[in-house]
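Undergrad: For reference, the sequence and a predicted model appear below.
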Amino acid sequence: MTFWPEEKVFKDPVHKYIYVQDPLIWDLVNTKEFQRLRRIRQLGTSFFTFHGAEHSRFSHSLGVYEITRKIISQFERNEYEDWPVEEKRLCLCAALLHDVGHGPFSHSLETVFGEHHELWSCRIVQGDTEVNRVLRSVSPDFPDQVAGVICKSYPKEIVVSLVSSQLDADRMDYLLRDAYFTGVNYGMFDLERILRVMRPYKGKIVVKESGMHAVEDYLMSRYQMYWQVYFHPVTRSSEIVLRNIFARAKALFDAGYEFRFLVEPLRKLFEGKIDLEHYLLLDESLTQAAFAQWTMEQDAVLSDLCGRFLNRKLLKYAAPVTIDPSYFDKLRDSVLQAGFDPEYYVQIDFPADLSYDVYRPGNSPGKFPILLLEDSGKLVEISRKSDIVGSISGTHVGRQHVYFPEEWFSAQARQSPALFSWLKGET
Ligand code: ZN
C-alpha cells in the first residue's frame, strides 16, 4: 500500500474539496480501471446541447465517494447506534466504484449490445484487475462484498441504500454536478441540509421529518433536470444518431462487410464475445477515433452517420400531437424517396419509455422509498406527507418526438401538406 504521510485532497468544483483519509481509497483511484473513467463522459452526448457538459465519470465517482463519506462521518459524529460502523470501508469503496463498469456513451451502447454497466462494474471488481488486487488487500472476500453492494445483493439494506436508493449519494452528486457543468440553474438543492437530516434507523436510512422541505427541493430539482437536461430533444437526437451508428456497424459486420478500420475491442463487441481485457480498452477516445475513420468507409450510411455525429449535423425533430401510424409510414416513404434509409434516419422517441421517473413510492432494490421519521418514531413514506412529492410521484416525464433528416424536411416536407401539418402538430 502507498506510503501515507497525511490526508489527500482533490479540488472539486461541486464539493470544493474531496478528502481521502484512507490509503485504500487512494490506491483504488490510482488503478488503471478507475483512471479509465476520465475518458468517459458523465452525460454521454449532452455536450452537443450544453457545451459545458464535458465532465467525466471520474469526477462524478469521486463526488459520490465524498457525499458518502460526509454522510457516514455525520452518523459517526452523532454516534447513532443504528449505524453499523464496521461497514464504513465497504460503503466508501462501493460508492467510489459504483460506475467503474460504464462503457463509452453507455446508454446507447447498452441499448444496441445489451451490455449492462452494473454487471461490468462487478466483473471489474471481482475479475483479474488492479481494482481487485487493491480490494483483496483488505480480505479475500472483500471484492465480493463490494460487488454485492454495487449489484444490490448485499444483505444489509442500509449499506446498499447509501449508494443506491431514491435519495442516495449517486443521485445527489449527479444532479449537482450535471447542473453545474451544463450551466443550468434548476438542478440546485441544499445538500448540506439534506445530509444533516439523514439518519440510520432500524436498518434503513431515513430523513428527520423536519427535513421534508429540503427533500422536496431535491425531488423538484430532479424533476426539472429530467425535463430540461436529460430528455432534451437535441441530446436525444444525438443519441439516436449514435445508436444507429452502432446498429449499422453491427449489421454490416454481421453481413460480412470488410471494414477498412476496426479495432479489436469493437470487433469483439460485434462478435458478442467481448472479455474484460477488451472491454477496458473501450472508451470514448477510442470510439470517436473509430467514428472519424468510419467517415471514410465505403458504406454510405455508416460514413454519413459518423460525419453527422462528429460535426453535430443531427436529426431534426418535430412533436406531433399523436403518433399516427399512417402519417409515420408516409414519413418513412417520403424520406426513403429522398434517398435516406428510414431504418437509420427516421425514428420515434419517447424518453419516458426509459425506466426514469422522478420518484416512486414503492419498494424495490435500489429504489428504496424516502421515509420520514416522525417524532413519535413512526416512519411515513414521503409522498403521503408532502403534496408536492405526491403530485410528481410515479409520473413519467418526457414527450414523444419524431426524428428525420433536416435535408429532407427543408427540401421535401412541404410537398405533402398533410404530412407537414401533422409534423407541425396541427392535425
Ligand atoms: Zn453514478
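TA: Yes, it's here. Numbering: from 1, shown residues only.
Undergrad: who does the helix or strand hosting residue 241 touch, helix- and strand-wise?
TA: Residue 241 is part of helix 233-254, with elements assigned from DSSP states H and E. With contacts defined as 3 or more C-beta pairs under 8 Å, 6 or more residues apart in numbering; DSSP states H and E, the packing partners of helix 233-254 are helix 106-113, helix 264-271, helix 284-294, helix 300-310, strand 316-318, helix 342-345, strand 347-349, strand 401-404. Using the backbone N, CA and C atoms, a C-beta is placed for each residue, glycine as well.
Undergrad: how far out from the middle of the chain is the helix or strand of the chain with the lowest mean pLDDT?
TA: Ranked by mean pLDDT, DSSP states H and E, the weakest helix or strand in the chain is helix 106-113, scoring a mean of 82. How far helix 106-113 lies from its chain's middle: 11 Å, per C-alpha atoms, centre = their mean, to the nearest Å.
Undergrad: So is that helix next to the ion?
TA: No. Between helix 106-113 and the ion, judged by C-beta under 5 Å from the ion, nothing touches; the nearest distance is 10.4 Å.
Undergrad: Is there any residue in the helix or strand just after that helix that contacts the ion?
TA: Heading C-terminal from helix 106-113, the first helix or strand you meet, by DSSP H and E, is helix 117-126. No. If you take C-beta under 5 Å from the ion as the test, helix 117-126 misses the ion, and the best it gets is 9.3 Å.
Undergrad: Buried residues, helix 117-126. List them.
TA: The neighbour-count criterion (16 or more other C-beta atoms under 10 Å) identifies 117, 118, 120, 121, 122, 123, 124, 125, 126 as the buried residues of helix 117-126.
Undergrad: The fourth one against residue 152, yeah?
TA: No. Using C-beta atoms under 8 Å as the test, residue 121 is too far from residue 152 to be in contact (11.4 Å).
Undergrad: Kindly format the C-alpha coordinates of stretch 320-328 as CSV.
TA: Only the C-alpha atoms of stretch 320-328 are listed here, as CSV (Å, rounded to 0.1, in the frame of the first residue of the first chain):
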residue,chain,number,x,y,z
PRO,A,320,-46.8,15.8,-33.5
VAL,A,321,-49.9,15.7,-31.2
THR,A,322,-50.2,11.9,-31.6
ILE,A,323,-48.0,9.3,-33.3
ASP,A,324,-50.4,8.3,-36.0
PRO,A,325,-49.0,5.2,-37.7
SER,A,326,-50.4,6.2,-41.2
TYR,A,327,-48.5,9.5,-41.1
PHE,A,328,-45.5,7.8,-39.7
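Undergrad: Can you classify residue 200 by secondary structure?
TA: Three-state assignment for residue 200 (DSSP: H, G, I helix; E, B strand; the rest coil): strand.
Undergrad: Please report how far it lies from residue 168.
TA: Residue 200 is 14 Å from residue 168, where distance means C-beta to C-beta, to the nearest Å.
Undergrad: what does residue 16 give?
TA: Residue 16 sits 21 Å away from residue 168, going by C-beta to C-beta.
Undergrad: Give me the more crowded residue out of these two.
TA: When residue 16 and residue 168 are compared for neighbours, residue 168 comes out ahead with 22 against 9, by other C-beta atoms under 10 Å.
Undergrad: need the next SSE after the strand or helix carrying residue 148, C-terminal direction.
TA: Using DSSP H and E, residue 148 sits in helix 142-150. Sequence-wise, the next helix or strand downstream of helix 142-150 (DSSP H and E) is helix 157-163.
Undergrad: ok, residue 204 - contacts?
TA: By C-beta atoms under 8 Å, 6 or more residues apart in numbering, the contact set of residue 204 is 157, 158, 161, 368, 371, 379.
Undergrad: For the fifth one, grab phi and psi.
TA: What it means is residue 371. Backbone dihedrals for residue 371, given as degrees, to the nearest 10, come out at phi -110, psi 130.
Undergrad: tally of neighbours for it?
TA: Other residues close to residue 371 by other C-beta under 10 Å number 18.
Undergrad: now the last one
TA: For residue 379, the neighbour count with other C-beta under 10 Å is 16.
Undergrad: Point out the residues in the stretch 151-300 of the chain that sit beside the ion.
TA: By C-beta under 5 Å from the ion, the part of the stretch 151-300 of the chain that sits against the ion consists of residue 170.
Undergrad: Taking the stretch 151-300 of the chain, what residue is nearest to the ion?
TA: With C-beta to the ion as the measure, residue 170 is the residue of the stretch 151-300 of the chain nearest to the ion, at 4.2 Å.
Undergrad: contact partners of the helix or strand hosting that residue?
TA: For residue 170, the host element (DSSP H and E) is helix 169-182. Outside of helix 169-182, the residues within contact range by C-beta under 8 Å, 6+ apart are 13-14, 42-43, 46, 50, 52-55, 59-60, 63-68, 71, 95, 98, 162-164, 185-189, 191, 194, 218, 221-222, 225, 229-230.
Undergrad: Would you mind checking the average pLDDT for that helix?
TA: The average pLDDT within helix 169-182 is 96.
Undergrad: Same question for stretch 417-427.
TA: Stretch 417-427 shows a mean pLDDT of 88.
Undergrad: Pull out the buried positions in it.
TA: So for stretch 417-427, counting by 16+ other C-beta under 10 Å, buried means 419, 420, 422, 423.
Undergrad: Quick one: list the elements packing against the helix holding residue 148.
TA: With 3+ C-beta pairs under 8 Å, 6+ apart as the test, helix 142-150 has helix 88-97, helix 117-126, helix 130-136, helix 157-163 packed against it.
Undergrad: most tightly surrounded among those helices?
TA: Stretch with highest mean neighbour count among those: helix 88-97 (a mean of 25; mean count of other C-beta atoms under 10 Å).
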